[in-house]
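A.B. asks: Mind folding the following:
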Amino acid sequence: MMIRLPLIIVKTVCFYLLVNITLMPSVSGASDSFVELLNQVKQSQQMAKTIHQRREATFLTKKNTQAQLLDDAKQALGNAKRDNTRLHTAFDVNQADIAQLKEQLSQQAQQTRAIGVSLKTISEELLLGVQASYSGYNQGYQALLKQLSTASTVNIQQVNDLWVLLQQEMIASTQIHTRDEMVSLRNGVQASSPVIRIGSIGALSQGQSLYLDKQLASLTALPQRIVQSIQFDSNTLNAIQLVPLDLSGGQLIPHLLAEPTLLQKIQQGGVIGYVIIGVAVFGLLVTLERFIALSWVERKTRQQLASVESNVNNPLGRVITAVDRHKVNTPDAIEAVVDEAVLKEIPSLEKRLSLLKMIYGIAPLLGLLGTVTGMIETFQVMTFFGNSDPALMAKGISHALMTTALGLIVAIPFVWFHSYLMAKKGFVIQVLESQSAGIIAKQYV
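C.D. replies: Got it, this is the predicted structure:
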């Protein structure tokens with residue numbers, strides 16, 4: 001078998017020969033150098049042969065081992081492929097399980113949020129009811145209800161505490177008990193006094209009915225005007241004590257307390273409201289004067305109808321005496337005298353009735369003017385402060401509505417007053433006309 005020398009060995013030998021030829025000192029030493037070179041070449045060939053033999057032996061030795069390694073690698077690859085298939089299948093199953101668990105988690109989260117929202121709403125409603133409760137045992141869970149109504153998350157312990165406290169409140173709402181508490185009485189004095197709490201709907205102290213004042217956070221005596229406005233059944237007046245009970249959950253009494261008095265309602269009308277009231281007072285004086293005057297004239301006229309003698313203290317008597325006073329005999333002259341006498345009486349009967357007509361016409365217009373000014377004020381407030389706070393707009397709206405109401409309150413009765421007085425005047429004029437016609441008719445008979 002032919003042995004191929006490595007390229008590096010060939011290059012080394014060639015370089016060595018070149019160096020020896022170049023440096024050869026003489027022809028006589030050339031033979032020794034070639035011999036030495038030949039020996040070196042033989043040694044190099046022997047070394048290369050030895051190296052190649054070793055490599056061939058190593059290769060032959062490892063040939064069987066490499067085949068075994070290849071078989072092992074192929075087997076490992078097959079196992080890896082099977083594991084990969086199994087893992088892919090498990091991965092898909094796990095992905096499906098994860099998606100299902102995420103869906104369940106989402107549903108449970110939605111249910112939890114719904115429970116939280118419901119619990120928050122219930123807590124807010126219960127807080128309003130508890131704040132209006134008279135049981136006296138509600139201080140313990142007002143803080144819990146406030147916490148539940150504002151908290152973003154709740155735990156089961158808070159729900160259990162709420163359940164226990166609600167049980168206590170329900171039991172307390174069925175009991176009547178007495179204990180000393182700080183009470184604000186009607187005279188404005190705050191003092192410790194025995195308070196009789198009637199379940200969750202009423203309280204009593206020193207014969208005065210109490211209510212829960214949220215601003216003072218204490219029991220306060222009901223004002224006398226509210227107590228007087230409550231109508232009791234006459235069949236129960238013989239009871240030991242009558243106590244007004246607030247069955248509206250604390251909504252009715254604050255509404256009654258916030259209701260303005262008559263003076264406050266008038267003040268809401270402002271300057272225009274006072275003008276309307278002034279017009280009404282003036283109209284009442286005119287109405288009273290005209291009512292007295294026309295009633296007196298009507299009564300005297302009726303008396304004159306029943307009397308055969310004429311009296312100048314009434315229009316009919318003056319018409320009758322006018323004929324006698326002028327001493328005329330012709331029918332035309334008598335008719336002229338009678339017509340003149342009747343015409344003289346009509347102005348005194350109609351005097352100031354036109355003022356009443358003007359009053360019931362001008363009062364609604366003043367109310368409309370107040371409505372316009374009130375709405376202007378409201379829109380000015382909305383321009384500066386917006387419409388986020390209704391309390392800021394309430395003044396202008398109250399002014400507008402109150403002036404409208406005052407104008408109608410004044411106008412409606414004055415329409416009736418004017419019609420009533422016109423009826424009285426019409427009766428007297430009708431009597432004058434009918435009697436004057438009779439007087440004229442006698443002259444033609």
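A.B. asks: any idea of the mean pLDDT for stretch 335-345?
C.D. replies: For stretch 335-345, the mean per-residue pLDDT is 77.
A.B. asks: now swap in stretch 179-189 and tell me
C.D. replies: 72.
A.B. asks: Helices of the chain, residue ranges please.
C.D. replies: With DSSP state H as the criterion, the chain has helices at 7-22, 30-131, 139-150, 156-172, 224-229, 252-258, 262-268, 270-306, 315-326, 331-350, 353-385, 390-444.
A.B. asks: Out of these, which is the most enclosed?
C.D. replies: helix 315-326 (a mean of 19; mean count of other C-beta atoms under 10 Å). In short, each C-beta sits where N, CA and C put it, glycine included.
A.B. asks: That one - contacts with which helices or strands?
C.D. replies: Helix 315-326 is packed against helix 270-306, helix 331-350, helix 390-444, with contacts defined by 3 or more C-beta pairs under 8 Å, 6 or more residues apart in numbering; DSSP states H and E.
A.B. asks: Give the other helices and strands that the last one contacts.
C.D. replies: So the one you mean is helix 390-444. helix 262-268, helix 270-306, helix 315-326, helix 331-350, helix 353-385.
A.B. asks: hey, least reliable of those by pLDDT?
C.D. replies: Among these, helix 315-326 scores lowest, with a mean of 74.
A.B. asks: Can you check what angle separates it from helix 270-306?
C.D. replies: Calculated by axes from the mean of the first three to the mean of the last three C-alpha atoms, to 10 degrees, helix 315-326 forms an angle of 60 degrees with helix 270-306.
A.B. asks: Looking at the helices and strands packed on helix 315-326, which is nearest to L101?
C.D. replies: Checking the helices and strands packed on helix 315-326 against L101 by C-beta to C-beta gives helix 390-444 as the closest, at 49.5 Å.
A.B. asks: closest to D180 out of the helices and strands packed on helix 315-326?
C.D. replies: Across the helices and strands packed on helix 315-326, closest to D180 is helix 390-444 (C-beta to C-beta), at 37.4 Å.
A.B. asks: I figured G317 hits Q303, correct?
C.D. replies: No: the criterion here is C-beta atoms under 8 Å, and G317 misses it with Q303 at 9.2 Å.
A.B. asks: which neighbours do those two share?
C.D. replies: N311 (C-beta atoms under 8 Å, 6 or more residues apart in numbering).
A.B. asks: Skip the chain neighbours and tell me the closest residue to T153.
C.D. replies: G116 (7.0 Å; C-beta to C-beta, 6 or more residues apart in numbering).
A.B. asks: For stretch 196-205, C-alpha coordinates in CSV please.
C.D. replies: Extracted as CSV, the C-alpha positions of stretch 196-205 are listed here (Å, rounded to 0.1, in the frame of the first residue of the first chain):
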residue,chain,number,x,y,z
ILE,A,196,-87.7,56.3,76.0
ARG,A,197,-86.8,54.6,72.6
ILE,A,198,-89.7,52.9,70.9
GLY,A,199,-88.1,50.3,68.7
SER,A,200,-86.6,52.0,65.6
ILE,A,201,-89.5,54.4,64.9
GLY,A,202,-89.7,56.9,67.8
ALA,A,203,-88.3,58.4,70.9
LEU,A,204,-89.7,60.4,73.8
SER,A,205,-88.2,62.5,76.6
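A.B. asks: Return the set of buried residues in that stretch.
C.D. replies: 196-205 (16 or more other C-beta atoms under 10 Å).
A.B. asks: Neighbours of the residue lying closest to Q190 once chain neighbours are set aside, how many?
C.D. replies: Excluding its sequence neighbours, the residue lying closest to Q190 (C-beta to C-beta, 6+ apart) is S184, at 5.0 Å. A count of nearby residues for S184, using other C-beta atoms under 10 Å, gives 18.
A.B. asks: Would you agree S184 is in contact with Q208?
C.D. replies: No: counting by C-beta under 8 Å, S184 stays clear of Q208, with 10.1 Å between them.
A.B. asks: I'd like the helices and strands packed on helix 315-326 as CSV, with distance to D180 appended.
C.D. replies: Shown next, in CSV, are the helices and strands packed on helix 315-326 (distance: least, C-beta to C-beta, whole Å):
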stretch, distance to D180
helix 270-306, 47
helix 331-350, 73
helix 390-444, 37
